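Trainee: Below: sequence and its predicted model.
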Amino acid sequence: MTAKYVIVGNGPAGVAAAEAIRARDSAGEILILGDERAGFYSRPGLAYLLTGSIPEKQLYSRSDETYRRLRVRRGIARAVGLDVDAHRLALEGGQQVGYDRLLLAVGARAIRPGIPGINLPEVVTLDNLDDARSILKIARRTRRAVVVGGGITAVELAEGLASQGVEVHYLLRKERYWGAVLDPHESALVEERLEEEGIRLHRNTELSQVLAKRGGVVGVELVDGRRLACGMLAVAIGIRPKLELAQAGGLATDRGVLTDEYLRTSDPDIFAAGDVAEVLDPERGVRVLDSLWSTALSQGAAAGGNMAGAGEPYPRGIPFNVTRVGGVTVTLIGTVGSGVEEGDLVSIARGDSEAWRGRVDAFAIEAEAERSRIRILVGRDRLVGAVVMGDQTWSRPLQRLIAGRVGIADVRPILVDRPERMLGVLEDLWKEAQRAA
């Protein structure tokens, strides 16, 4: 019998799953359902669309020809119901779709604070391409905007609006930017660059309501009673997995859809991957949420292979991301946070991983140069995390040293007693790792 595979979600996890299924099953029927008319595009690329660095057409990395080559049908529809016993999806409009194996790759949506006026048209989030288009449209008629939130997305919004000629006021709920992941020096480096771009930072501020006139945003009021006039409010306080479909089918969920080591949900014929999946972290023995493009691709590929019978555990790697924050190129690898949730996010943001924030038995060593910085987290027998800001010479070597769990027993005493020799020690470790490889 020809297997029927249905994938809900046309993002990185969904497309990677389709490619992995086809690699193992040349005859199966594959259907990808997405609720956006746009084809497969780069969500991280939306930041560059907002700044005007690239045209919209450069966001697309898969064409309709890609789907035809894979013999994948693409449907534009929203799934609203799931009957696990009948193996059927209900679509908006009444249509039913049957499946043998189902993948939930529906992603996550931005969280909005529960304050008056939060649903006004000029209150925006950055979930998808339509949001980016809307932001650019509103920016053309707006002189001043307020941005609230943390992580990468908030800075994408602030810089994108500033590049469109909008006066931007960025509200930080705590004393510094992204305090759960960055240390004070790293936060300061980002903040300085934002201020150089003309973005005005307001520390220790929190929204109480959005002010409206004739149905449009005219300002915001803060908890301390102060008011800021603006024509747009951009919100990036975190994201929440889209659990409605999984819950409609009675699948096990917590913060995300719970999966086993094969990315299978509580139903053996249903898998989950990407932002919606809450995946076991074998390193810490807990389930975590990731919102990383590369992680979505790897999870989608693993889930797709297992849908087609591979039977291989998902090898959750070290979370890794290279991005630009405040005009600074930043690499985040492994566990780099303090273990304390402080800052402007109520959940992880896009381009973020919970694993970065965890506290581990490690100490930090830092090396700084003008506009550049390296911080490594040294565990008992290996490096467990790193932040590289500015000069990216050490980005790839550190990613490989940490992901490869390269032992540091011989050099750990030097790192403990002579931290100023960090770069020399790393150079020796990297050379030795290359020889071993």
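Mentor: That came through fine.

Trainee: Tell me which stretches of the stretch 301-437 of the chain form strands.
Mentor: Counting by DSSP state E, counting those that start in this stretch, the stretch 301-437 of the chain has strands at residues 320-325, 328-334, 363-369, 372-378, 383-389.

Trainee: what about stretch 110-129, start to end distance?
Mentor: 14 Å (Cα to Cα, to the nearest Å).

Trainee: Which positions in it come out as buried?
Mentor: Going by neighbour count (16 or more other Cβ atoms under 10 Å), the buried part of stretch 110-129 is 110-111, 113, 117, 120, 122-129. Using the backbone N, CA and C atoms, a C-beta is placed for each residue, glycine as well.

Trainee: ok, back up a step: let's have the strands of the stretch 301-437 of the chain in TSV, adding mean neighbour count.
Mentor: TSV is the format used below for the strands of the stretch 301-437 of the chain (neighbours: other Cβ atoms under 10 Å):
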stretch	mean neighbour count
strand 320-325	20
strand 328-334	23
strand 363-369	14
strand 372-378	22
strand 383-389	25
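
Trainee: Can I get those strands in CSV including mean pLDDT and distance to residue 57?
Mentor: Compiled in CSV, the strands of the stretch 301-437 of the chain are given as follows (pLDDT from 0 to 100; distance: least, Cβ to Cβ, whole Å):
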stretch, mean pLDDT, distance to residue 57
strand 320-325, 92, 21
strand 328-334, 94, 25
strand 363-369, 90, 38
strand 372-378, 94, 34
strand 383-389, 96, 31
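
Trainee: Nearest to residue 419, out of those strands?
Mentor: Comparison of the strands of the stretch 301-437 of the chain against residue 419 by Cβ to Cβ identifies strand 363-369 as nearest, at 4.6 Å.

Trainee: Which strands border that closest one, and is each parallel or antiparallel?
Mentor: Take DSSP bridges as the rule and strand 363-369 pairs in its sheet with strand 372-378 (antiparallel).

Trainee: can you state the direction angle for the strand it pairs with and strand 328-334?
Mentor: Here strand 372-378 points in a direction 10 degrees away from that of strand 328-334 (axes from the mean of the first three to the mean of the last three Cα atoms, to 10 degrees).

Trainee: May I have strand 372-378 as PDB, with CA atoms only?
Mentor: This file holds the C-alpha atoms of strand 372-378, laid out as PDB (Å, rounded to 0.1, in the frame of the first residue of the first chain):
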ATOM      1  CA  SER A 372      34.800  42.300  19.800                       C
ATOM      2  CA  ARG A 373      34.400  39.900  22.700                       C
ATOM      3  CA  ILE A 374      34.700  36.100  23.400                       C
ATOM      4  CA  ARG A 375      33.200  34.500  26.500                       C
ATOM      5  CA  ILE A 376      33.600  30.700  27.000                       C
ATOM      6  CA  LEU A 377      32.000  28.600  29.700                       C
ATOM      7  CA  VAL A 378      34.400  26.000  31.100                       C
END
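
Trainee: could you give the angle of it to strand 383-389?
Mentor: Going by the same axes, to 10 degrees, strand 372-378 makes 170 degrees with strand 383-389.

Trainee: which residues are contacting strand 372-378?
Mentor: Contact with strand 372-378 is made by 183, 185-186, 189, 334-336, 360, 362-368, 383-391, 394, 398, 408, 412, 415-416, 422-423, 426, as judged by Cβ atoms under 8 Å, 6 or more residues apart in numbering.

Trainee: residue contacts, the spatially closest residue to residue 38 that is not a sequence neighbour?
Mentor: Leaving out its chain neighbours, the residue that sits closest to residue 38 by Cβ to Cβ, 6 or more residues apart in numbering is residue 129, at 5.1 Å. When contacts are counted by Cβ under 8 Å, 6+ apart, residue 129 touches 36, 38, 41, 46, 56, 59.

Trainee: quick revisit: quick one: which of the buried residues of stretch 110-129 is nearest residue 223?
Mentor: residue 113 (11.4 Å).

Trainee: OK, contacts around the closest one?
Mentor: Contacts of residue 113 by Cβ under 8 Å, 6+ apart are 148, 207, 235, 237.

Trainee: Identify the residues contacting the second one.
Mentor: Neighbouring residues of residue 207 by Cβ under 8 Å, 6+ apart: 113, 115, 148, 171, 220, 221, 222, 223.

Trainee: Could you give me the PyMOL selection string for whichever of those residues are buried?
Mentor: Filtering those down to the buried ones (16+ other Cβ under 10 Å) takes a single PyMOL command:
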select buried, resi 113+148+171+220+221+222
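
Trainee: can you redo the contacts of residue 207 as JSON lines with pLDDT and distance to residue 291?
Mentor: As requested, the contacts of residue 207 are arranged in JSON lines below (pLDDT from 0 to 100; distance: Cβ to Cβ, whole Å):
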{"residue": "113", "pLDDT": "95", "distance to residue 291": "19"}
{"residue": "115", "pLDDT": "97", "distance to residue 291": "24"}
{"residue": "148", "pLDDT": "98", "distance to residue 291": "19"}
{"residue": "171", "pLDDT": "97", "distance to residue 291": "22"}
{"residue": "220", "pLDDT": "98", "distance to residue 291": "26"}
{"residue": "221", "pLDDT": "98", "distance to residue 291": "30"}
{"residue": "222", "pLDDT": "97", "distance to residue 291": "28"}
{"residue": "223", "pLDDT": "97", "distance to residue 291": "28"}
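
Trainee: what's the closest of the contacts of residue 207 to residue 244?
Mentor: residue 113 (20.6 Å).

Trainee: quick one: which helix or strand includes that closest one?
Mentor: Counting by DSSP states H and E, there is no helix or strand that carries residue 113.

Trainee: May I see the buried residues of stretch 165-178?
Mentor: Buried residues in stretch 165-178 (16+ other Cβ under 10 Å): 166, 167, 168, 169, 170, 171, 172, 173, 174, 176, 177, 178.

Trainee: ignore the last one, stretch 239-249
Mentor: Applying 16+ other Cβ under 10 Å to stretch 239-249 flags 239, 240, 241, 242, 243, 245, 246, 248, 249 as buried.

Trainee: Need the mean per-residue confidence for it.
Mentor: Stretch 239-249 comes out with an average pLDDT of 98.

Trainee: same deal with stretch 268-277?
Mentor: For stretch 268-277, mean pLDDT rounds to 98.

Trainee: rewinding a little: quick one, grab the pLDDT at the residue nearest to residue 38.
Mentor: 97.

Trainee: could you measure it against residue 110, distance?
Mentor: Per Cβ to Cβ, to the nearest Å, residue 129 is found 14 Å from residue 110.
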